[in-house]
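Q: Return atomic coordinates for the entry below.
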Amino acid sequence: MSIKAENLTKIYGKQKALDDVSFEIKTGEVVGFLGPNGAGKSTTMKILTCFIPQTQGSAYVCGHDVTEQSIDVRKNVGYLPEHNPLYLDMYVKEYLEFIGGIHKVGNLQHRVNEMIEITGLGLEQNKKIGALSKGYRQRVGLAQAMIHNPQVLILDEPTSGLDPNQLAEIRQLIINIGKEKTVMLSTHIMQEVEAMCGRVIIINRGKIVADDSTANMQTAGGERQLITVEFDKQTTHQALMNISGVIETKEIGNNTWQLTCTTDKDLRSDIFQFAVANALAVLTLQREEIKLEDVFKELTKKK
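A: So this is what the prediction gives:
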C-alpha cells in the first residue's frame, strides 16, 4: 500500500479542516483528489508529505509513519505544492542540481539532464527561474518533485498555468509516470481527471463524500443519463415529467430541454412517441453520459 490514511483529523483553532478522513491508495494508481476550495485537499496533502502534523489519526506512505518516520517518508515522496515555491534567483539547472544534492541523488548530472528532457525544459535550462513563464515554472516544480525518483508523487494543481500544448504534454507525462509510480493529484479541471485518473476521491467540508473508479463515479448518486431534445413547438415541464423514466427537466433554450433520466432503458424512442402524441416534431435529440463535473457539483453543493 503506497498511501494509507486512517481517521485523519486536523483542527485549526475552532475550525475542523479534516474530519475523520480515511482512504488507501495502492501502488501504481493515479488518483484524483477533488473538492471545492477549502474542502481539505491541500491540508491532507501537507500531512502526507510531513509539512504539517495531523491533530488526530495516522497516515503512512510506503509503510512509513508520517509522524514517527518523516525522513523515510520524504525520501519516498515527490511533492508539488499548489503554490509552487522556487528560488527565483537560481538558474533552472542550478536549482535542480541543488535539490538533487539535498536528496543525495547518485550520478546527479545525468539525473538533472534526464529531468530537463522529461519535463521539456531544454531551451529554458540556462535561464533564471524568475524569468520563466508560469507554465515553465510549473515544469521546474514537477522536475524537482521527481528528481530523486520517488515511489509516490503528490501533485497539488500540477497543470495550473499551462497553455493547451503544455497541458497535453504534462498530462501524458503524468500518465506515463503513473504506470510505474503512485500518483495522487488535485485539480479543478475535471477533464484532466477523466483523462489521467483511474480513480477519484472527493472531499467536501473535511469529509470524504465519494471514493470510486472514474467510470463508476460518472453515475454516482444514482444511475442517470442526460438527453437533450429540441422540439419545433413549446411543451411544458409537467408534460415531459409524464414520460416514464424522466427524473428532472430543465429548459436550456427555445423549445430545447435537458432531461435527466434513469438508465434502465434508452428513452429516446419514448420521447419520439411523446412528440407524436403531442403533435410535436423532434428537431434534435442527443444522449450523453453524466459528466464527472456534474457528479462533483451534486456531491459538493451547499445544502
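Q: what's the burial count for G253?
A: 9 (other Cβ atoms under 10 Å). Where C-beta positions appear, they are placed from N, C-alpha and C, glycine not excepted.
Q: i'd like the first residue to be 29 from this point on
A: Sure, I'll start counting at 29 from here, so that last one is G281.
Q: Contact partners for it?
A: E258 (Cβ atoms under 8 Å, 6 or more residues apart in numbering).
Q: and stretch 260-269, how far from the chain's centre?
A: Stretch 260-269 sits 38 Å away from the centroid of its parent chain (Cα atoms, centre = their mean, to the nearest Å).
Q: swap in stretch 172-188?
A: 14 Å.
Q: Give me the distance between the two termini of stretch 155-167.
A: Using Cα to Cα, to the nearest Å, the end-to-end distance of stretch 155-167 comes to 13 Å.
Q: contacts for that stretch?
A: Outside stretch 155-167, the residues that reach it (Cβ under 8 Å, 6+ apart) are 108, 112, 114-120, 123, 147-149, 152, 168, 186-191, 194, 198.
Q: mind listing the strands for the protein?
A: 31-40, 43-53, 58-62, 84-89, 92-93, 105-108, 180-184, 210-214, 227-232, 235-241, 252-259, 274-281, 284-290, 310-316 (DSSP state E).
Q: Tell me which residues touch the nearest residue to I230 once chain neighbours are set aside, please.
A: Closest residue to I230 apart from its sequence neighbours, by Cβ to Cβ, 6 or more residues apart in numbering: A238 at 4.2 Å. A238 sits next to 228-230, 245, 248, 323, 327 when contact means Cβ under 8 Å, 6+ apart.
Q: where does this protein have low pLDDT?
A: 29, 246-251, 291, 317-318, 330-331 (pLDDT under 70).
Q: any idea how it splits into domains?
A: Domain ranges of the chain: 31-245, 252-328, per automatic domain parsing.
Q: Tell me which of the ones you listed sits most buried.
A: When the domains of the chain are scored by mean count of other Cβ atoms under 10 Å, the highest mean neighbour count falls to domain 31-245 (a mean of 18).
Q: N154 against V120, yeah?
A: Yes. Contact criterion Cβ atoms under 8 Å: N154 and V120 qualify, at 7.2 Å.
Q: Common neighbours of those two, please.
A: With Cβ under 8 Å, 6+ apart as the test, N154 and V120 reach no residue in common.
Q: Kindly provide the distance from the spatially most central residue of the chain to D322.
A: When Cα atoms, centre = their mean is applied to the chain, the residue found nearest the centroid is G60 (3.6 Å). Separation of G60 from D322 (Cβ to Cβ, to the nearest Å): 15 Å.
Q: which residues sit in contact with H131?
A: 103, 175-176.
Q: And it, how far from Q172?
A: Counting by Cβ to Cβ - H131 and Q172 are separated by 9 Å.
Q: Kindly report the same for Q301.
A: With Cβ to Cβ as the criterion, Q301 and Q172 are 61 Å apart.
Q: Then Y88?
A: 24 Å.
Q: Also V105?
A: Distance from V105 to Q172, by Cβ to Cβ: 12 Å.
Q: same question, E52
A: 27 Å.
Q: M73 too?
A: Counting by Cβ to Cβ, the gap from M73 to Q172 is 16 Å.
Q: R139 too?
A: Taking Cβ to Cβ, one finds R139 at 12 Å from Q172.
Q: what sits against the closest residue to I39 other than its chain neighbours?
A: Nearest residue to I39, sequence neighbours excluded (Cβ to Cβ, 6+ apart): T83, at 4.6 Å. Shown in contact with T83 (Cβ under 8 Å, 6+ apart): 37-39.
Q: May I have the beta-bridge partners of the closest residue to E316 other than its chain neighbours?
A: If the residues on either side of it in the chain are set aside, E316 comes closest to L254, at 5.1 Å by Cβ to Cβ, 6+ apart. Note on L254: beta-bridge partners T288, E316, judged by DSSP bridges.
Q: my guess is L254 contacts I280, does it?
A: No. With contact defined as Cβ under 8 Å, L254 does not count as touching I280 (10.7 Å).
Q: Need the overlap of contacts for the two.
A: Joint contacts of L254 and I280 (Cβ under 8 Å, 6+ apart) are Q286.
Q: re the thing from before, distance of the residue nearest to I39 relative to V94?
A: 13 Å.
Q: in the stretch 29-178 of the chain, which spans are helices?
A: 69-76, 98-104, 120-130, 136-146, 162-174 (DSSP state H, counting those that start in this stretch).
Q: Ok, which of the ones you listed comes nearest R296?
A: Nearest to R296, of all the helices of the stretch 29-178 of the chain, is helix 69-76, at 38.8 Å by Cβ to Cβ.
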